[in-house]
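[1] I would like to see how this sequence folds:
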Amino acid sequence: MRPNAFPTTCHTWIGDRLRSAGEGRGEVNQHVMSVYAWPLTVYFRGTRDRWLGEPDEIVQGFFADRLAREHFFADWLQSGLPLRRWLMNAFCFYLNEVKRTGKRNRVEPGPTDEQADSSATPEEMLDRAFVVSIVRKALQQTHERCAVQGLEHHWRVFVRHHYQSAGYQQISKEFGVDAPRAAVMARTAARKFREVLRDLLVRDGAAPDHVDNEIQTLLEVSGA
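    Numbering: from 1, shown residues only. I've put the predicted structure just below:
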């Protein structure tokens, strides 16, 4: 990494992993691909450049090119931008490069669900897809954390109540606990979910003190 490449945000997970030896950079690349591949695909489908090729192939080509660059994330940390905005800007440059070099496989763009809302800009499409992707990632990691900590039943109660709309009286019958205990179990898992979600948003570049504002902004953008 460049000398003094990292600003004060270097204490974040990405900064820590980039400065570590061994598999740190690979872990960062894997995180970025797992969270941002689908939002970038949605963004690409909403642009005028969607004729350049199949969305998945274009996005994977972008990752292969940019994530291999030594200073890619150091430059992001210095920019002060949310990671999704940095990736979107870099993706736009990549699309221009594809057009200039002729490395494309022209396709006829068909209608997509993302294009159904003609009032949404590609940037808004990306933000909406990011909300879905980051929540999915947070749910996955929360489940894993609960399993490791012996809280599998807490996770299942959380899912039954918050995502399957089951009342605590119904849950109490299913899990053999009283309703107040079921509520406590759901709150425990919900607290862990919020902790994971906050951590993922900090990785995206949100200041720790402003994560709640970031969540509110994303909810407004997504229409929730």
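[2] Check what pLDDT residue 103 gets.
    pLDDT recorded at residue 103 is 60.
[3] Please apply the same query to residue 109.
    As predicted, residue 109 sits at a pLDDT of 51.
[4] Residue 46 now?
    In this model, residue 46 is scored at 90, pLDDT.
[5] And for residue 47, the neighbour number?
    Around residue 47 sit 16 other residues, with neighbours defined as other C-beta atoms under 10 Å. Quick note: C-beta positions are derived from backbone N, CA and C, even for glycine.
[6] Tell me the spacing between the closest residue in space to it that isn't next to it in sequence and residue 128.
    Closest residue in space to residue 47, ignoring its immediate chain neighbours: residue 122 at 5.1 Å, by C-beta to C-beta, 6 or more residues apart in numbering. For residue 122, the distance to residue 128 under the criterion C-beta to C-beta, to the nearest Å works out to 11 Å.
[7] now do residue 200
    Taking C-beta to C-beta as the measure, residue 200 falls 16 Å from residue 128.
[8] cool, residue 35 as well?
    Distance from residue 35 to residue 128, counting by C-beta to C-beta: 14 Å.
[9] Ok, residue 171 next?
    Taking C-beta to C-beta as the measure, residue 171 and residue 128 are separated by 31 Å.
[10] Could you do residue 162 as well?
    Between residue 162 and residue 128 the distance, using C-beta to C-beta, works out to 21 Å.
[11] what about residue 170, helix or strand, and which?
    Following DSSP states H and E, one finds residue 170 within helix 168-175.
[12] Can you name the next helix or strand after that helix?
    Toward the C-terminus, helix 168-175 is succeeded by helix 179-203 as the next helix or strand (DSSP H and E).
[13] so what secondary structure elements neighbour that next one?
    Helices and strands touching helix 179-203, by 3 or more C-beta pairs under 8 Å, 6 or more residues apart in numbering; DSSP states H and E, are helix 13-19, helix 122-148, helix 152-162, helix 168-175, helix 211-222.
[14] Run the angle between that helix and helix 211-222 for me.
    Between the axis of helix 179-203 and that of helix 211-222 there is an angle of 90 degrees, by axes from the mean of the first three to the mean of the last three C-alpha atoms, to 10 degrees.
[15] What residues does residue 58 make contact with?
    In this structure, residue 58 makes contact with 44, 52, 95, 98, judged by C-beta atoms under 8 Å, 6 or more residues apart in numbering.
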